[in-house]
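Asks: Task: produce atomic coordinates for the following.
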Amino acid sequence: GIFIVENVLHAIHFEFEVDQMVLPAVAPLPYEFAVSLHLVHIIFGLFGAIFVLVSGFDTAGRTALTKGTSMMLVFMATITWTWWI
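Replies: Here you go, the predicted model:
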């Protein structure tokens, strides 16, 4: 549930986060790249968390759980990559 709240807050404060966190981390690259990276982070994180939560209520939850886990890995890779730079 915390990842859903986190991604909703990312969406609410989108422009501030792109300008203050993502853009400086990818400084030589254009603004559009920072926006797309942050969008990937939000979308994959949100849908990944939803897939993981829904898989708990699904009798065939293995598929939803594996897809959700893959999306969460992309979510974590985008934030790790951004902060690593």
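Asks: which residues of this structure score low on pLDDT?
Replies: By pLDDT under 70, the weakly predicted segments of the chain are 1, 55-68, 78-85.
Asks: Regarding the residue nearest in space to the middle of it, what is its secondary structure?
Replies: Geometric centre of the chain, nearest residue: H41, 2.7 Å, by Cα atoms, centre = their mean. What DSSP: H, G, I helix; E, B strand; the rest coil gives for H41 is helix.
Asks: Which element, helix or strand, includes F3?
Replies: In the assignment (DSSP states H and E), F3 maps to helix 2-12.
Asks: Remind me what that helix packs against, helices and strands.
Replies: Judged by 3 or more Cβ pairs under 8 Å, 6 or more residues apart in numbering; DSSP states H and E, helix 2-12 is in contact with helix 31-55. Yep, even glycine has a C-beta here, placed from its N, CA and C like the rest.
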